[in-house]
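> build me a model from this:
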Amino acid sequence: MRVILKLKVKEPLSVGLESIGTTTLLYKLPVVKDNGDVLDIPIIPGNSIRGAFRDVMVIQFLQDVKETWKSNQSRNSNITVNAGTLMTLFSGGIMAKSGEHDLNAKKISEKMNNYVKPLLPLSIMGCALAKFMVPSKLKFGIGYPIVEETKDLIDDLIEDEPKVKLEDILISVQMMRKDDKVKMSQLDQLGIQTNFEELDEMMGLTEEESGSKESAVQQRFVREAVAPGAEFVTYIEELIPLTDVEWGLVIKTLENFTNIGGAICRGFGKVKINIINKDDNKFNEYKKTYKNFINKEIDKIIEALKIDPEKDLISKSKGGKTNKSKKAEDKTLISFT
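Numbers count the residues shown, from 1 in each chain. The predicted structure is shown next:
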């Protein structure tokens, strides 16, 4: 199945490629037109969409697990997650570069059944476990702007005729980083003394700029961006067939997927996603199946969250015991309420 997504830009959208001086350039892809012209088109790389999507999916999954766990009044304990598992959920883990790993079909099968399948984001998005790679089931397409210049690139995704030109959606946003010594001087009220002479020297200020508590250091920089109101189109499709349960989490994640690109904390990147080929009945059924899965497998999921992702895959010391002590393993558990 392929899900076609239209992204409406609500704030300046800036997927940065590189910086030249104080300017961060947009990620652009050279595109060859039918007439032989080559245009640089700002895009949203599939990998950028995938990374942002994975973060939202993990948070959505953990929230759903927490709600189900807490809904049973007999469960008063907090949920604990192994630090390695948390990193694997968000980043996909790290492939081992050294050390012996005695992998066999039995160990891989056990790891898939007891760890990967209960933790749906790993099953859907893939992960690395020691020297064992779980492939992603989803492909994330490039996001192309819906403009006249990209009509022939997106004609299989949308039927609407683009009404704007590329040049109309490109903007530059001036930003500022400010270190205001007035705010620092207010710490005097708390009995905290600030040596402004040392501060000025550390900042490299001239004599004219230094010597005053009211002086400030400002750094201006620019980000190229796509203007609010512009639209992009992309898609998500199966590389390996997803179960109805997995599609339920994917659909639920899409409903809460609102930010892409850089400088999000500075007011960039908010988007509104519309599923063009949405089937409400089918999608609601997927979400219901996903909810039932969480309810049914909650205990197995809770246990999987505690597992060291490399346990039983890392080499063991003589005597059959792992090199980690029980005390050391406990330090890798993170509790959340």
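
> please, where are all the strands along the stretch 151-300 of the chain?
For the stretch 151-300 of the chain, the strands defined by DSSP state E, counting those that start in this stretch occupy 170-180, 216-226, 231-238, 271-275.

> and Ala52, which of the ones you listed is closest to it?
The closest of the strands of the stretch 151-300 of the chain to Ala52 is strand 271-275. By Cβ to Cβ, the value is 9.7 Å. Just so you know, the C-beta spots here come from the backbone N, C-alpha and C atoms, and that holds for glycine as well.

> what lines up beside that closest one in the sheet?
Looking at strand 271-275 with DSSP bridges, its partner strands are strand 2-9 (antiparallel).

> other residues contacting the strand it pairs with?
For strand 2-9, the surrounding residues in contact (Cβ atoms under 8 Å, 6 or more residues apart in numbering) are 44, 143, 146, 157-158, 226-238, 250, 254, 260, 270-277.

> can you select the buried ones from the residues you listed in PyMOL?
To isolate the buried members of the contacts of strand 2-9 in PyMOL, using 16 or more other Cβ atoms under 10 Å:
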select buried, resi 44+143+146+157+158+226+230+231+232+233+234+235+236+250+254+260+270+271+273+275
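
> quick one: least confident helix or strand in the protein?
Least confident helix or strand of the chain, by mean pLDDT, DSSP states H and E, is helix 326-330 with a mean of 51.

> show me the shaky parts of the stretch 151-300 of the chain.
Filtered on pLDDT under 70, the stretch 151-300 of the chain yields the residue ranges 178-218.

> now with 80, please.
For the stretch 151-300 of the chain, the stretches with pLDDT under 80 are 176-220.

> which parts of it are helices?
With DSSP state H, counting those that start in this stretch, the ranges of helices along the stretch 151-300 of the chain come out as 151-154, 181-185, 196-203, 244-255, 280-306.

> which of the ones you listed sits closest to Thr23?
It's helix 196-203; of those, that one is closest to Thr23 (Cβ to Cβ) at 22.7 Å.

> compute the distance between the spatially most central residue of the chain and Ile59, please.
The centre of the chain sits closest to Ala52, judged by Cα atoms, centre = their mean, with a distance of 2.7 Å. In this view, Ala52 and Ile59 are 11 Å apart by Cβ to Cβ, to the nearest Å.

> do Phe232 as well
Distance from Phe232 to Ile59, by Cβ to Cβ: 23 Å.

> name the helices or strands packed onto the helix or strand where the residue nearest to the centre of the chain lies?
For Ala52, the host element (DSSP states H and E) is helix 46-71. Applying 3 or more Cβ pairs under 8 Å, 6 or more residues apart in numbering; DSSP states H and E, one finds that helix 46-71 makes contact with strand 79-82, helix 83-91, helix 120-125, strand 138-140, helix 244-255, helix 280-306.

> just the CA atoms of the fifth one, as CSV, please.
Below are the C-alpha coordinates for helix 244-255, written out as CSV (Å, rounded to 0.1, in the frame of the first residue of the first chain):
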residue,chain,number,x,y,z
ASP,A,244,-2.8,-4.2,10.2
VAL,A,245,-1.5,-3.5,13.7
GLU,A,246,1.6,-1.8,12.2
TRP,A,247,-0.5,0.3,9.8
GLY,A,248,-2.5,1.4,12.8
LEU,A,249,0.5,2.9,14.5
VAL,A,250,1.7,4.4,11.2
ILE,A,251,-1.7,6.1,10.6
LYS,A,252,-1.9,7.3,14.2
THR,A,253,1.6,8.7,13.9
LEU,A,254,0.7,10.6,10.7
GLU,A,255,-2.2,12.3,12.6
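
> now that helix and strand 271-275, what's the angle there?
Going by axes from the mean of the first three to the mean of the last three Cα atoms, to 10 degrees, helix 244-255 is angled at 140 degrees with respect to strand 271-275.

> what's the angle between helix 244-255 and strand 231-238?
For helix 244-255 against strand 231-238, the angle by the same axes, to 10 degrees is 170 degrees.

> contacts made by helix 244-255 with the rest, please.
Residues outside helix 244-255 that contact it (Cβ under 8 Å, 6+ apart) are 1, 3, 5, 53, 56-57, 60-61, 64, 120-121, 123-124, 137-138, 236, 242, 273, 275, 283, 285-291, 293.

> the closest residue to Arg177 other than its chain neighbours - how many residues pack around it?
Nearest residue to Arg177 in three dimensions, chain neighbours excluded: Gln219, at 4.5 Å (Cβ to Cβ, 6 or more residues apart in numbering). When counting by other Cβ atoms under 10 Å, one arrives at 10 neighbours for Gln219.

> go ahead and confirm Gln219 touches Gln174.
No: taking Cβ atoms under 8 Å as the definition, Gln219 is not a contact partner of Gln174, at 11.3 Å.

> buried residues, stretch 21-33. List them.
By neighbour count on 16+ other Cβ under 10 Å, the buried set for stretch 21-33 is Thr24, Leu26, Tyr27, Val31.

> scratch that, stretch 4-17 is what I was asking about
For stretch 4-17, a neighbour-count test (16+ other Cβ under 10 Å) marks Ile4, Leu5, Lys6, Leu7, Val9, Glu11, Pro12, Leu13, Ser14, Val15, Gly16 as buried.
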